[in-house]
Structures are given as C-alpha cells and as structure tokens.
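Enquirer: what would the 3D arrangement of this be:
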Amino acid sequence: MRLNPYLNFNGSCQTAFEFYERHLGGKIVAMRTFADSPMAEEVPSEWREKILHARLLLGKVALMGGDEMPEDYIVPQGFNVTINIDTPAEAERIFTALAQKGKIRMPLQETFWAVRFGMLDDQFGIPWMINCELASVEKSSA
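Expert: Numbers count the residues shown, from 1 in each chain. As a prediction, this is how the structure comes out:
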C-alpha cells in the first residue's frame with residue numbers, strides 16, 4: 001500500500017506541478033488535460049486545457065493533482081503536505097522555494113523535535129510542513 005497526496009487546484013495545476021518539479025526535484029510523468037480525455041466535450045471550452053490529472057514522482061512517492069471545475073473547487077483546508085528532509089540546508093532551501101509568493105504560517109526554526117520545522121501555504125494555496133528531525137541529522141552525521 002502507498003499513500004499519495006492528491007492536490008486539487010483552481011486552474012493552476014500545470015504551473016504548480018512545474019514549480020514543484022523545479023524546486024522539489026523529481027519528474028512529472030503525467031500531465032493530462034481535459035481535452036485529452038473522453039470528458040473533453042463535457043467541460044467548457046476555456047477549461048479544456050486545464051489539467052485533469054498530473055503525477056510527479058519524487059523518489060518512491062507520487063504527488064498527484066488536477067484542476068477542479070470552478071463550481072467544485074474548495075480551498076485546501078484541514079491537512080498539510082509534509083516533507084521530511086535529512087539536512088537543515090535542504091530544509092531551508094525547500095522552505096524558501098515554497099514560500100515564494102506564499103504565506104508563512106510558522107517560520108522555519110528549531111523546535112524540541114526538529115533542527116528545522118516550518119509551515120506555509122504556497123502561492124497555489126497548498127499547505128506545507130517542512131520537517132528536518134533531530135534524529136535524521138544525528139543519523140546522517142554518524
């Protein structure tokens with residue numbers, strides 16, 4: 001069993017996934033538009049080039065998403081996508097990248113469990129937690 005986040009966007013999925021690919025690494029392996037699907041005629045013409053399904057592979061994890069029709073879109077709430085990172089420098093790099101044009105909810109800082117932890121909503125409205133646990137740093141420096 002694998003648990004993979006599926007993110008919904010209000011028309012910005014392609015831009016978001018290209019941003020994630022550039023800053024998180026990995027590779028986009030699927031980017032299907034509504035026009036590419038049997039649903040093409042069921043959506044408004046201005047929505048046909050929006051993303052029905054995207055898949056970004058990050059190691060063994062897939063981040064997936066798509067654009068929701070405007071009448072179905074709900075602003076993300078009640079969850080965070082968490083990235084566990086092994087080094088403080090990489091945590092800082094990723095936090096800084098995701099914070100571009102976003103909203104920092106908790107600055108990246110040391111906590112009682114982590115050498116770096118922070119929370120933000122990125123420019124696409126997706127809530128993230130960046131976590132670099134003490135155990136990861138201790139293990140990697142051993």
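Enquirer: CA atoms for contacts and neighbours, from now on please.
Expert: Will do.
Enquirer: how is the chain partitioned into domains?
Expert: As assigned by automatic domain parsing, the chain contains the domains 6-67, 81-141.
Enquirer: between these, which one is nearest to residue 74?
Expert: Nearest to residue 74, of all the domains of the chain, is domain 6-67, at 8.2 Å by Cα to Cα.
Enquirer: for the closest one, the averaged confidence score.
Expert: Mean per-residue pLDDT for domain 6-67: 95.
Enquirer: quick one: the helices in this structure?
Expert: 13-24, 88-99, 134-141 (DSSP state H).
Enquirer: right, and those - which one's nearest residue 3?
Expert: Using Cα to Cα, the nearest of the helices of the chain to residue 3 is helix 13-24, at 18.4 Å.
Enquirer: what's that closest one packed up against?
Expert: Applying 3 or more Cα pairs under 8 Å, 6 or more residues apart in numbering; DSSP states H and E, one finds that helix 13-24 makes contact with strand 27-33, strand 51-58, strand 61-67, helix 88-99.
Enquirer: just to revisit the earlier point, residue 73: which of the domains of the chain is closest?
Expert: Here domain 6-67 is closest among these (Cα to Cα), at 6.1 Å.
Enquirer: so what's residue 125 closest to, chain neighbours aside?
Expert: Leaving out its chain neighbours, the residue that sits closest to residue 125 by Cα to Cα, 6 or more residues apart in numbering is residue 76, at 6.8 Å.
Enquirer: so the one you found makes contact with residue 126?
Expert: Yes: with contacts counted by Cα atoms under 8 Å, residue 76 reaches residue 126, the gap being 6.4 Å.
Enquirer: higher neighbour count, those two?
Expert: Neighbour comparison, residue 76 and residue 126: the larger count goes to residue 126, with 20 against 15 (by other Cα atoms under 10 Å).
Enquirer: the more buried one against residue 78, yeah?
Expert: No: look at residue 126 against residue 78 with Cα under 8 Å: they stay out of range, at 10.9 Å.
Enquirer: of all the helices and strands packed on helix 13-24, which one is nearest residue 15?
Expert: Short answer: strand 51-58, nearest of the helices and strands packed on helix 13-24 by Cα to Cα, at 10.0 Å.
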